[in-house]
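need a structure here:
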Amino acid sequence: MTRQPDDWLDDVPDNEEEEDEEIIWVSKSEIKRDAEELKRLGAELVDLSKTSLDKIPLDEDLRAAIELAQKIKKEGRRRQLQLIGKMLRSRDEDPIRQALDKLKNRHNQQVALFHKLEMLRDRLVEQGDDALPEVLNLYPDADRQQLRAMIRNAQKEKAASKPPKAWRQIFQYLRELAEAR
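This is a model prediction of the structure:
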């Protein structure tokens, strides 16, 4: 049997032709950008504390590399960060990024809560009993008498230019109420 020039196409299965069409070419620049992004992710992980690292899903090898990078200084640290970036290329980075974002968001929420409590405390000290209903609406479990006593003490300290001990106590009390919710 003699073959015609186009007969070899008949021997190639259809799915291989489809696979050839699905190849996506990636430029060297894009590969480098992705590698740099993974190095930055690795650097963020290295900057975390031990308790924060515990909350991120890391395998043993990656965890050991990160802990080693935390101990190293200067040029060795840069090379270790490159290694961590290389290790991240072979892993699914999405769970790591999600856990890191969750940590950052929790920190931002806590900072916002503290600012809100500071403003509430300042209003209590400045306005006295007039601002008390706002606190009682937000925190129904708050002890009115205890709050009034702390407000009076804070106002006395402020008038006498004493250290703001009661002022801090009000903040602590408000924080305890917020955390109990």
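
pLDDT score assigned to Met1?
With respect to pLDDT, Met1 has a value of 52.

now Ala65: how far from Arg77?
Look at Ala65 and Arg77: by C-beta to C-beta, to the nearest Å, they are 12 Å apart. To be clear about C-beta, it is placed using only N, CA and C from the backbone, and glycine gets the same treatment.

out of these two, which sits in the busier spot?
With other C-beta atoms under 10 Å as the criterion, Ala65 and Arg77 differ in neighbour count, and Ala65 comes out ahead with 21 against 16.

could you find the closest non-adjacent residue to the more buried one?
Counting by C-beta to C-beta, 6 or more residues apart in numbering, the nearest residue to Ala65 once its immediate chain neighbours are dropped is Ile84, at 5.2 Å.

quick one: that neighbour from His115, how far?
Plainly put, Ile84 is 35 Å away from His115 if you go by C-beta to C-beta.

looking at the two, which has the bigger crowd around it?
Residue environment comparison for Ile84 versus His115 gives the larger neighbour count to Ile84, 21 against 10, counting by other C-beta under 10 Å.

what helix or strand is the more buried one on?
Ile84 is located in helix 74-89, with elements delineated by DSSP states H and E.

packing partners of the very next helix or strand once past that helix?
Following the chain from helix 74-89 toward its C-terminal end, the next helix or strand by DSSP H and E is helix 94-127. Counting contacts by 3 or more C-beta pairs under 8 Å, 6 or more residues apart in numbering; DSSP states H and E, helix 94-127 packs against helix 28-46, helix 132-138, helix 144-159, helix 165-180.

including mean pLDDT, distance to Arg97 and mean neighbour count, could the ones you listed go into a markdown table?
Listed next are these as a markdown table, based on pLDDT from 0 to 100; distance: least, C-beta to C-beta, whole Å; neighbours: other C-beta atoms under 10 Å:
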| stretch | mean pLDDT | distance to Arg97 | mean neighbour count |
| --- | --- | --- | --- |
| helix 28-46 | 88 | 7 | 14 |
| helix 132-138 | 88 | 35 | 14 |
| helix 144-159 | 90 | 43 | 16 |
| helix 165-180 | 88 | 28 | 16 |
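
in a markdown table: those helices, plus distance to Glu60.
Converted to a markdown table, these look like this (distance: least, C-beta to C-beta, whole Å):
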| stretch | distance to Glu60 |
| --- | --- |
| helix 28-46 | 14 |
| helix 132-138 | 46 |
| helix 144-159 | 50 |
| helix 165-180 | 34 |
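
break the chain down into its domains, please.
26-91, 108-180 (automatic domain parsing).

report pLDDT for the residue positioned nearest the centre of the chain.
The chain has Lys104 as the residue nearest its centroid, 1.9 Å off, counting by C-alpha atoms, centre = their mean. With respect to pLDDT, Lys104 scores 81.
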